[in-house]
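1. Got a predicted structure plus its sequence, pasted below:
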Amino acid sequence: MRPCRTCEHEVSEEAVTCPHCGAPNPANPNWDGWGYEYKSKLTIANMPLLHIAFKYRPNRMPVVARGIIAIGQFGAGVITVAQFGVGIVNVSQMAVGVWAIGQFAVASSLIAQVGIYFHHGRGQAVISFMDAVHWLLGNG
């Protein structure tokens, strides 16, 4: 038995929630959310070289992977691999970047199922930004 980190009542070390206050993983004094997160100690420009985040904080907010290399459900970095990502080089389901590969993407150059590009693009339903503007304005 250990004290709950929130309400101090005694709880089992195996408890998933505190029976008194409902705190998740109450016996773990350092608990900071569900899932997995890793940040390398090596940093460049105050960003970790590698940040992997498939995690939610106790308030149920997702952790965004932020680093030179960012891998996660949500990511932002120079090189990003994520479900939703922003980066220079980006491989994501929904991607925004300079070079992007994604199901849905907006980038200078991209390969996407659906995308808007500024310089070069390939994919199923891909259009240049200027062609999209002309189409929206009825000039195309």
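-> In hand now; what should we look at?

2. care to break this structure down by domain?
-> 1-31, 45-136 (automatic domain parsing).

3. in the shortest one, what counts as buried?
-> Right, domain 1-31. 4, 5, 11, 15, 18, 23, 25, 26, 27 (16 or more other C-beta atoms under 10 Å). The way it works is simple: take the backbone N, C-alpha and C, and place the C-beta from them, glycine included.

4. Export the residues you listed as TSV, with columns for secondary structure, distance to residue 86 and pLDDT.
-> Formatted as TSV, these follow (DSSP: H, G, I helix; E, B strand; the rest coil; distance: C-beta to C-beta, whole Å; pLDDT from 0 to 100):
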residue	secondary structure	distance to residue 86	pLDDT
4	coil	38	90
5	coil	34	86
11	strand	40	93
15	coil	38	90
18	coil	37	90
23	coil	33	84
25	coil	31	84
26	coil	36	88
27	coil	37	88
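
5. between the residues you listed, which is nearest residue 78?
-> residue 25 (33.8 Å; C-beta to C-beta).

6. among the domains of the chain, which is nearest residue 38?
-> domain 45-136 (4.5 Å).

7. Could you find the closest non-adjacent residue to the spatially most central residue of the chain?
-> For the chain, residue 74 is the residue whose C-alpha lies nearest the centre (C-alpha atoms, centre = their mean; 1.0 Å). Once flanking residues are discounted, residue 74 sits nearest to residue 64: 4.5 Å by C-beta to C-beta, 6 or more residues apart in numbering.
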